[in-house]
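Q: No sequence on hand, only this structure:
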């Protein structure tokens, strides 16, 4: 029982590191690709009407279905900062972190797959992979979606597609999104125009941390807006095409910026690296500015002392909850956090 | 025939490097010490009435008197940028560089002694040594002053002392000056008060490049203002005492700044080092700011990757004429100079 029948079962062969510290296709522009399915079990009410017993039953059922491939993270054992650190890694949603009813995360490191149980929907299954890899992310997600489909009574209507808590997800109940790094298009003020064009095509572009967030670090998320009257296959194919075109535009813009005044560009980029390497206090906001310059520097061959992988690891490691997590959960002031952030960056760069 | 009879002939034993890339006593605060004598030959008119023949005769006489210890630099063979580079190294005065009549420099690298012939006075003999070393600078200068005194008819009056072109030099005809690095007293806004106190004691404090120059890089020159009714010995002794006291004040101010907020201070200092190490374009003004932070960092033990000696070499090497000199005298734009400055710093830091 599937809305679109393009899925093929693939072997779980490849070993994936975390999406943020690994490189993939088009990595100079595309940081990561994500597919997320929303699913609900027909035998239970939606989240807003769910009680503790039912929530626990759902968790148990999903757990049995998924089997041994997954690490189970029961959120009754997870502190607020540990949950926040998982949000920062994009493994769970901010809403999931704050849930009051029982809720559990199933993580499968190998395939980049994570399953939130008892989020807004009973099941939110996602796969994040590095680089432009929507097709693989989709295939990986489908493996476990099929497993769930085979073992659970997933709520589905021939007319409406997958039934979801929020009507905007009805139909495909799939969100395909790509995180892109667009420093040159940002610098050349091309983003507003791009956003209008994408909207016309049924896609939306936003800051890295979702709706309303600022495009700090020149990181943007592009995702599908339309979930009715389209197929998963078409949606993924169109998004992949759009992102490929954006990659070309961004690369051209980079070349223009580079030929404009290489010395000044190299100066800004190299200073950014020098600051990351030597600063003792760095705010989150400043980090993202430096990050963008250094990442651009890597892509232009102006910075050779750090890799995309290492910079990606740092991008997540500098986030507030990840800092607290490394610091054993100790409560710290904003200033102490900025000091620990700088310490961490220096140690990471070496 | 001397105004004060304290001079003792000392052996020219020690080998001196350039004043700016060597460390001396109190080097955390004192960059260098300089003694300068103004002398004129009684048989010739002062500079303003001097003709070419007389100028050449004076040069010849001084040359014979000084003998083989000196390298002779005839300024008819010196380009404008080479002369400017010597000004930047404090081996000659800006006025000397621009003279139209024949003028020659005699340099004695070993003793830090340089003799300008046909500057404002017929002879300007100076010794610059690293650190607080006025007594040695005085001794070294005296060795050659005695040589000149023994061989030439130096203009001297029992009543007025040494006769000089400018009446403000009459008497001692000696300028003793010390270049000090006062970042903490600058930061704590103590310089105005210090200037008033020094003035009362007959001393004057100014920016590094003499009268009217800005104290960029937190570098200042302290020198004697009074040349009548005092002895060389007393002047040097008092200046040395004053500078020793200023050293103590500056060190106390550094400790206060350090204990105030070490993280923020270390951040500023380390970022400055990172910028020096990585920037691709650096203006002269920015360099001096970074220089001051890094030099302070060395003194506080916050920077260990660079020495006073290396930083001192860079301090001179980044100056405009020295950049042009290294670049074979080629005419360059301001921007190209800023690029070459950054290149030079990066290569020097390694």
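A: Cool, got the structure. Here the structure is a predicted model, which is why all the values come from computation and not from measurement. Numbering: from 1, shown residues only, chains lettered A, B, ... in the order given.

Q: Any part of the longest helix anywhere in chain A near chain B?
A: In chain A, with assignment by DSSP state H, the single longest helix is helix A:232-260. No: residues of helix A:232-260 are not located near chain B by C-beta under 8 Å from any C-beta of the partner chain, the shortest gap being 13.2 Å. C-betas here are computed from N, CA, C, even on glycine.

Q: Now do whichever helix or strand comes after that helix against helix B:262-278, angle only.
A: Moving toward the C-terminus from helix A:232-260, the next helix or strand (DSSP states H and E) is helix A:262-278. The directions of helix A:262-278 and helix B:262-278 differ by 140 degrees, with axes from the mean of the first three to the mean of the last three C-alpha atoms, to 10 degrees as the criterion.

Q: Check which helices and strands helix A:262-278 sits against.
A: helix A:284-299, helix A:334-349, helix B:262-278, helix B:334-349 (3 or more C-beta pairs under 8 Å, 6 or more residues apart in numbering or on different chains; DSSP states H and E).

Q: Listing partners with orientation, what would you give for the helix or strand containing residue A:223?
A: Per DSSP H and E: residue A:223 is located in strand A:219-224. Partner strands and pairing direction for strand A:219-224 (DSSP bridges) are strand A:174-181 (antiparallel), strand A:203-207 (antiparallel).

Q: what about the ones you listed, which gets the closest to residue B:189?
A: strand A:203-207 (42.9 Å; C-beta to C-beta).

Q: Need the per-residue pLDDT for the nearest residue to residue A:71 once chain neighbours are set aside.
A: Nearest residue to residue A:71 in three dimensions, chain neighbours excluded: residue A:107, at 4.8 Å (C-beta to C-beta, 6 or more residues apart in numbering or on different chains). According to the prediction, residue A:107 has pLDDT 92.

Q: Quick one: list the elements packing against the one helix or strand residue A:107 maps to.
A: If you go by DSSP H and E, residue A:107 is part of strand A:104-108. The helices and strands touching strand A:104-108, judged by 3+ C-beta pairs under 8 Å, 6+ apart, are helix A:52-66, strand A:71-74, strand A:113-117.

Q: 6 Å instead, please
A: strand A:71-74, strand A:113-117 (3 or more C-beta pairs under 6 Å, 6 or more residues apart in numbering or on different chains; DSSP states H and E).

Q: In CSV, list the helices and strands packed on helix A:262-278 along with mean neighbour count, distance to residue B:328 and mean pLDDT.
A: Shown next, in CSV, are these (neighbours: other C-beta atoms under 10 Å in any protein chain shown; distance: least, C-beta to C-beta, whole Å; pLDDT from 0 to 100):
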stretch, mean neighbour count, distance to residue B:328, mean pLDDT
helix A:284-299, 21, 31, 96
helix A:334-349, 18, 37, 97
helix B:262-278, 21, 25, 97
helix B:334-349, 18, 11, 97
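
Q: Of all these, which one is nearest residue A:191?
A: Nearest of the helices and strands packed on helix A:262-278 (C-beta to C-beta): helix A:284-299, 13.2 Å.

Q: Name the residues that touch that closest one?
A: Applying C-beta atoms under 6 Å, 6 or more residues apart in numbering or on different chains, the contact partners of helix A:284-299 are A:28, A:181, A:183, A:216-218, A:268-269, A:272-273, A:275-276, A:303, A:308, A:311, A:318.

Q: now swap in stretch A:319-337 and tell me
A: With C-beta under 6 Å, 6+ apart, stretch A:319-337 has contacts from A:81, A:84, A:85, A:88, A:340, A:341.

Q: Can you tell me which of the contacts of helix A:284-299 is closest to residue B:157?
A: Nearest to residue B:157 among those, with distances taken as C-beta to C-beta, is residue A:275, at 61.6 Å.

Q: Look up how far residue B:342 lies from the closest one.
A: 15 Å (C-beta to C-beta, to the nearest Å).

Q: Specify the local secondary structure of the residue nearest the centre of chain A.
A: Centrality entry for chain A: nearest residue to the mean C-alpha point is residue A:90, 4.8 Å, by C-alpha atoms, centre = their mean. Secondary structure, DSSP: H, G, I helix; E, B strand; the rest coil: residue A:90 is coil.

Q: what's the closest non-adjacent residue to it?
A: Residue A:90's closest residue in space is residue A:128 (C-beta to C-beta, 6+ apart), at 6.1 Å.

Q: picking up where we left off before, what helices or strands is the longest helix of chain A leaning on?
A: By 3+ C-beta pairs under 6 Å, 6+ apart, helix A:232-260 packs against helix A:134-151, strand A:174-181, helix A:183-187.

Q: Quick one: low-confidence residue ranges for chain A.
A: A:1-17, A:208-215 (pLDDT under 70).

Q: Map the structural domains onto the sequence of it.
A: Following automatic domain parsing, one gets these domains for chain A: A:6-257, A:261-349.

Q: how long is the shortest one from one end to the other?
A: Start-to-end span of domain A:261-349 (C-alpha to C-alpha, to the nearest Å) is 28 Å.

Q: Nearest to residue B:195 among the domains of chain A would be which one?
A: Residue B:195 lies closest, by C-beta to C-beta, to one member of the domains of chain A: domain A:261-349, at 33.1 Å.

Q: how distant is that closest one from the center of its chain?
A: Offset of domain A:261-349 from its chain centre (C-alpha atoms, centre = their mean, to the nearest Å): 19 Å.

Q: got a list of contacts for the strand holding residue A:107?
A: Counting by C-beta under 6 Å, 6+ apart, A:59, A:66, A:69-74, A:92, A:114-117 sit against strand A:104-108.

Q: for chain A, what's the longest strand?
A: Longest strand in chain A by number of residues, with DSSP state E as the criterion: strand A:30-39.

Q: partner strands of that one, parallel or antiparallel?
A: Using DSSP bridges, the strands paired with strand A:30-39 in its sheet are strand A:123-130 (antiparallel), strand A:174-181 (antiparallel).

Q: what is the orientation angle of the first one with strand A:113-117?
A: It refers to strand A:123-130. 160 degrees.

Q: Give me the buried subset of the contacts of strand A:104-108.
A: A:59, A:66, A:69, A:70, A:73, A:92, A:114, A:115, A:116, A:117 (16 or more other C-beta atoms under 10 Å in any protein chain shown).

Q: Out of the residues you listed, which two are the most distant from each other?
A: A:69 and A:92 (18.2 Å).

Q: separation between the residue nearest to residue A:71 and residue A:321?
A: Taking C-beta to C-beta, one finds residue A:107 at 17 Å from residue A:321.

Q: burial count for the closest residue to residue A:236 other than its chain neighbours?
A: Nearest non-adjacent residue to residue A:236, counting by C-beta to C-beta, 6+ apart: residue A:134, 4.9 Å away. Residue A:134: 22 surrounding residues under other C-beta atoms under 10 Å in any protein chain shown.

Q: buried stuff in the longest helix of chain A?
A: In helix A:232-260, counting by 16+ other C-beta under 10 Å, buried: A:232, A:235-236, A:238-240, A:242-243, A:246-247, A:249-250, A:253-254, A:257-258.

Q: Could you tell me the angle between it and strand A:203-207?
A: Going by the same axes, to 10 degrees, helix A:232-260 makes 50 degrees with strand A:203-207.

Q: any idea of the angle helix A:232-260 forms with helix A:134-151?
A: Using the same axes, to 10 degrees: helix A:232-260 against helix A:134-151 is 150 degrees.

Q: Between helix A:284-299 and helix A:232-260, find me the angle.
A: Using the same axes, to 10 degrees: helix A:232-260 against helix A:284-299 is 80 degrees.

Q: Now find how far off-centre helix A:232-260 is within its chain.
A: 19 Å.

Q: for whichever residue of the stretch 1-150 of chain A sits closest to chain B, what are its contacts?
A: Closest contact between the stretch 1-150 of chain A and chain B, by C-beta to the nearest C-beta, is at residue A:28 (21.3 Å). By C-beta under 6 Å, 6+ apart, residue A:28 lies in contact with residue A:299.

Q: ditto for residue A:272
A: A:290, A:293, A:294.

Q: Nearest spatial neighbour of the first one, chain-adjacent residues omitted?
A: Setting aside the residues directly before and after it, residue A:290 is nearest to residue A:272 in space (C-beta to C-beta, 6+ apart), at 4.3 Å.
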